[in-house]
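A.B. asks: Mind folding the following:
(chains A and B)
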Amino acid sequence: MTTIVTRFPPSPTGYLHIGGARTALFNYLYARKNNGKFVLRIEDTDQARSTQEMTDAILDAMHWLGLDFDEGPYFQSERGDIYNSYVDKLLASGHAYYCSCTPDEVEQMREEARAKGLKPKYNGCCRTKGLGPGPGRVVRFMTPLTGKVVFDDLVKGPIAWDVQEMDDFVVRRADGSAIYQMAVVVDDAEMGVTHVIRGDDHQNNTPKQILIYQALGFPLPLFGHVPMILGPDKKKMSKRHGATSVMLYKEMGYLPEAMLSYLVRLGWSHGDDELFTMDDLLQKFSLEGLGKSASVFDMDKLGWTNSHFIKTGDVPRLARLLGEIITTTTNFQPAQEYLQAIVPLFQPRAKTLKEMAEQAEFFLHEAEALPYDQHAVDKFLTPEIRQHLRILAERMETLASFDQKSLENMVAAYLEECGIKFKALAQPMRVAITGTTMSPGLFETMDVLGKERTLARLYRAVSL
RNA sequence: GUCCCCAUCGUCUAGUGGCCUAGGACGGCGGCCUCUCACGCCGCUAACAGGGGUUCAAACCCCCUUGGGGACGCCA
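C.D. replies: Predicted coordinates for the structure are as follows:
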């Protein structure tokens, strides 16, 4: 049994986007699950649009998601000679020919075809001219005139293409460089790729590639075309749908494991399971679970998925990540120890780390600089209430231990003495301590805040 | 326009001829819990695109229609 080899071939003309990440994930999982190899190849043959920054960004994003590759990255820009040697083979074996038609002429042929309601194609006029190399000349693949290309798609089943739907496509540009179709086939063949799993926007150039495989005598890999991820308007996801770059989600406070879990459920399922860790996936992933229809990217569900992983996440790690977000968005440099005490209070409350950073901000200010929700102050910090707060603060000073339990007992005793309900004091205390009307539980908040900060805030509120 | 692919709740999906008066999840709505906000828990809402077949029996198989997506580059 041969080793399974999958690959992910991003083009560094943009960031790693949602769809690409999912494709990479599927390939990664399939290879890993089957003890195979996952190859990364950078398809940068379009020199004009490819950049080093994008390559780095893609590598970063894959690393963030934990999609490590076993081989590569290969760069197509460094393999031009290899592709060309195969174009020469095609030429030598009569599977390709030189064409002297100009881009304008070809465009005209397409226009004419369109006008007749036909598929826009190059008309093959140089097929029999027996032209040799020359300036401005491209090399075209000699597509068979009759017959069908049939392949059994891993996800969609049998797919048949009439060769008449294809024209004699270019395999080498006038500048001498080989074109995508040529590069993928040669690379996949040379790299021993056994399973080509890619977006179904590639489905219709699979027949062309199969023709090349056959002309070159390469064994065919298996192809699987996974459906697209659509925006809420059901159009192919693109920038106008907002955040499509994976790394943008990191910035927005999403956890990589949440991205993985959400993404894999888009177009793949395993019974009624909803949440997956990488370990689960390595156990459960299979091509059979892939769906055939396109799916819509849903932020709400991503948010739910993320909140789950925040809720169940490792506290020290979350504290570290939270700290990173806080320092990049504010001037605070909170201590890890403090953050680790804070995180558990917000795990059930935050949908993203970014949200957590915002919710936890009141923990970071000096008492005097704590922002107040003025409306809440006016409503809750009445003169009478402030008297209570003052007494409470004074009693807190004498507390032997400033912890949740002691605080709760002390306040309960005071409530008993005065004959008032906790409800009457809860919101005022919250406003005094956090500046707002929404926060984690009062006593746990005070506990984490500590005696000094809590008292300072209480006294500030009393003396307003 | 031509070709390819697809078609179950608003969304992600389970379902591979009887277990389906179609299940789960997100969302929405209502309730419980409660010091606020969340979490959690309980309940409700909502779908087999339409029409023909095949079959004792169709969400599941076939055909047509309709709808949606994608591709038609000297981009990848």
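
A.B. asks: And the spatially most distant residue from the centre of chain A, how far from A:V411?
C.D. replies: Relative to the average C-alpha location in chain A, and by C-alpha atoms, centre = their mean, no residue lies farther out than A:E417, which sits at 56.9 Å. Computed as C-beta to C-beta, to the nearest Å, the A:E417 to A:V411 distance reads 11 Å. From N, CA and C alone the C-beta is placed, and that goes for glycine too.

A.B. asks: thinking again about what came up before, quick one: the residue farthest from the centre of chain A from RNA strand B, how far?
C.D. replies: The span separating A:E417 from RNA strand B equals 18 Å under the rule C-beta to the nearest atom of the strand, to the nearest Å.

A.B. asks: Now do the same for that residue: its pLDDT.
C.D. replies: The pLDDT attached to A:E417 in the predicted structure is 90.

A.B. asks: now chain A, which segments are flagged as low pLDDT?
C.D. replies: Judged against pLDDT under 70, the low-scoring parts of chain A cover residues A:1.

A.B. asks: Spatially central residue for it, please.
C.D. replies: Centre of chain A computed as the mean C-alpha position; nearest residue by C-alpha atoms, centre = their mean is A:V246, 3.2 Å away.

A.B. asks: wait, it sits on A:W64?
C.D. replies: Yes: using C-beta atoms under 8 Å, A:V246 and A:W64 qualify as a contacting pair, with a distance of 7.4 Å.

A.B. asks: got any residues that touch both of those two?
C.D. replies: Both A:V246 and A:W64 lack any common contacting residue under the criterion C-beta atoms under 8 Å, 6 or more residues apart in numbering.

A.B. asks: Using the record's assignment, carve chain A into domains.
C.D. replies: With automatic domain parsing as the criterion, the domains of chain A are listed as A:5-77+A:229-301, A:79-226, A:314-363, A:367-463.

A.B. asks: Among these, which comes closest to A:S307?
C.D. replies: Taking C-beta to C-beta as the measure, the domains of chain A were each checked against A:S307, and domain A:314-363 came out nearest at 4.6 Å.

A.B. asks: wait, does that closest one contact RNA strand B?
C.D. replies: Yes: figure legend: domain A:314-363 in contact with RNA strand B (C-beta under 7 Å from any atom of the strand); contacting residues A:348-349.

A.B. asks: For my notes, confirm A:H308 occurs in a strand.
C.D. replies: No: looking at A:H308 with DSSP: H, G, I helix; E, B strand; the rest coil, it is helix, so not inside a strand.

A.B. asks: how close does the nearest residue to it once chain neighbours are set aside sit to A:K234?
C.D. replies: Spatial nearest neighbour of A:H308, chain neighbours left out: A:L275 (6.0 Å); criterion: C-beta to C-beta, 6 or more residues apart in numbering. Separation of A:L275 from A:K234 (C-beta to C-beta): 26 Å.

A.B. asks: go on, A:F38?
C.D. replies: 31 Å.

A.B. asks: These two: which is more packed in?
C.D. replies: For A:F38 and A:K234, the more surrounded residue by other C-beta atoms under 10 Å is A:F38, and the numbers stand at 22 against 10.

A.B. asks: which SS class is that one?
C.D. replies: Secondary structure of A:F38, reduced to three states by three-state DSSP: strand.

A.B. asks: who's in contact with it?
C.D. replies: Residues in contact with A:F38, defined by C-beta under 8 Å, 6+ apart, are A:5-8, A:27-28, A:31-32, A:67-71.

A.B. asks: how about the strands in chain A?
C.D. replies: According to DSSP state E, chain A carries its strands in the segments A:5-8, A:37-42, A:71-75, A:96-99, A:138-141, A:148-153, A:157-162, A:170-172, A:195-199, A:222-226, A:229-230, A:295-296.

A.B. asks: Tabulate those in CSV, adding columns for distance to RNA strand B.
C.D. replies: Output for these, formatted as CSV (distance: least, C-beta to the nearest atom of the strand, whole Å):
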stretch, distance to RNA strand B
strand A:5-8, 11
strand A:37-42, 9
strand A:71-75, 11
strand A:96-99, 8
strand A:138-141, 5
strand A:148-153, 7
strand A:157-162, 4
strand A:170-172, 4
strand A:195-199, 8
strand A:222-226, 7
strand A:229-230, 6
strand A:295-296, 3
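
A.B. asks: Dump those strands to CSV, plus distance to A:M446.
C.D. replies: Listed next are the strands of chain A as CSV, based on distance: least, C-beta to C-beta, whole Å:
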stretch, distance to A:M446
strand A:5-8, 50
strand A:37-42, 50
strand A:71-75, 52
strand A:96-99, 78
strand A:138-141, 74
strand A:148-153, 61
strand A:157-162, 63
strand A:170-172, 72
strand A:195-199, 53
strand A:222-226, 52
strand A:229-230, 46
strand A:295-296, 45
